[in-house]
Structure formats: structure tokens, C-alpha cells
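*Asks:* Okay, structure incoming, though there's no sequence with it:
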């Protein structure tokens, strides 16, 4: 297509599991909807992916984390999304809870631990939770866009 530009934004996500295997998640409240996601976000100018992840997890959850390895990569996008996104999931370990961090930034209304073996209809993207595995390294999960979710229309 003449004049078409392919563009992907890159977002980092933290995969943190507790001793039960539950996954650290954050609940957002946006545009009248509430939904769970992995903590993470987009980089500020000059920030590395690791720095972004440490900052975002701290702001959203109040936990200071150590970033380990890349677990998986997936794409979010369809003809209704502009721009498309690559989501990079990194295994992380909680170092400490830090009261000086701004817990609840970016519209976060709750921090919790979700069981990945139970379907969570309000987790976005809905297909991600059962796919994440801390033992994988850099697995491409494909496009897992939730095209029917009200926030994505």
C-alpha cells in the first residue's frame, strides 16, 4: 500500500508469581470499565526496557522488582488498533515493598494475585494469563488481541 506505515509501540509487562503460582496483576478503571492486566507500561524518553519495567511496577504496585529474563512476546492489534503494540513479558522477582513508591498510579484501583488456572473474563488480553510461563524464554505468542472487549472498540 502506498503511503502505509507499519508502526508498533513497545510495552513491557512484569510476570511475577508467588509461592502458589498466582500472578501479580493490577486492576484498571478506565472509560467506565474495570479490567485486570499485568503491571507494566511504556518507556519514557531515554529509558531502557528494564528501567521502564522497574518504574512502572513500582508506580502501579508499590513493589520494587528485579528484572530477570524475557518470557514471551505477543502482538496486540487489528485493523481497529492504531498503532499496533508489541508486548514484552519479563520474569521479575519482588525485592521489597517500598512505601515511597506511588502505588496505584495510572488509574490502578487494585493490586492482587490471580490464579492463572481460573478463567478471568475481565483480564486483558483474556488469552494471555494461561499462556505465561516463567520457564519459557522469548516465546512469540502471536496476535492475542481481544477484539470483542468494549475498551477495544
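*Replies:* Yes, it's here. Bear in mind the structure is a predicted one, so any value in this text is a computation, not a measurement.

*Asks:* Secondary structure element holding the residue nearest to residue 137 when sequence neighbours are not counted?
*Replies:* Closest residue to residue 137 apart from its sequence neighbours, by Cβ to Cβ, 6 or more residues apart in numbering: residue 69 at 5.7 Å. No exception for glycine: its C-beta is placed from N, CA and C like everyone else's. Element membership for residue 69 (DSSP states H and E) is strand 63-76.

*Asks:* Can you work out which other helices and strands pack against the following helix or strand past that strand?
*Replies:* Using DSSP H and E, the helix or strand that follows strand 63-76 in sequence is strand 84-97. Packed against strand 84-97 by the contact rule (3 or more Cβ pairs under 8 Å, 6 or more residues apart in numbering; DSSP states H and E) you find strand 8-15, helix 49-61, strand 63-76.

*Asks:* avg pLDDT for the first one?
*Replies:* The one in question is strand 8-15. Averaged across strand 8-15, the pLDDT comes to 90.

*Asks:* Would you mind pulling the contact partners of the helix or strand just after that strand?
*Replies:* Sequence-wise, the next helix or strand downstream of strand 8-15 (DSSP H and E) is strand 23-30. By Cβ atoms under 8 Å, 6 or more residues apart in numbering, the residues outside strand 23-30 that reach it are 14-18, 34-39, 60-61, 63, 94, 106-114, 116, 123, 129, 132, 151.

*Asks:* Understood, closing this out.
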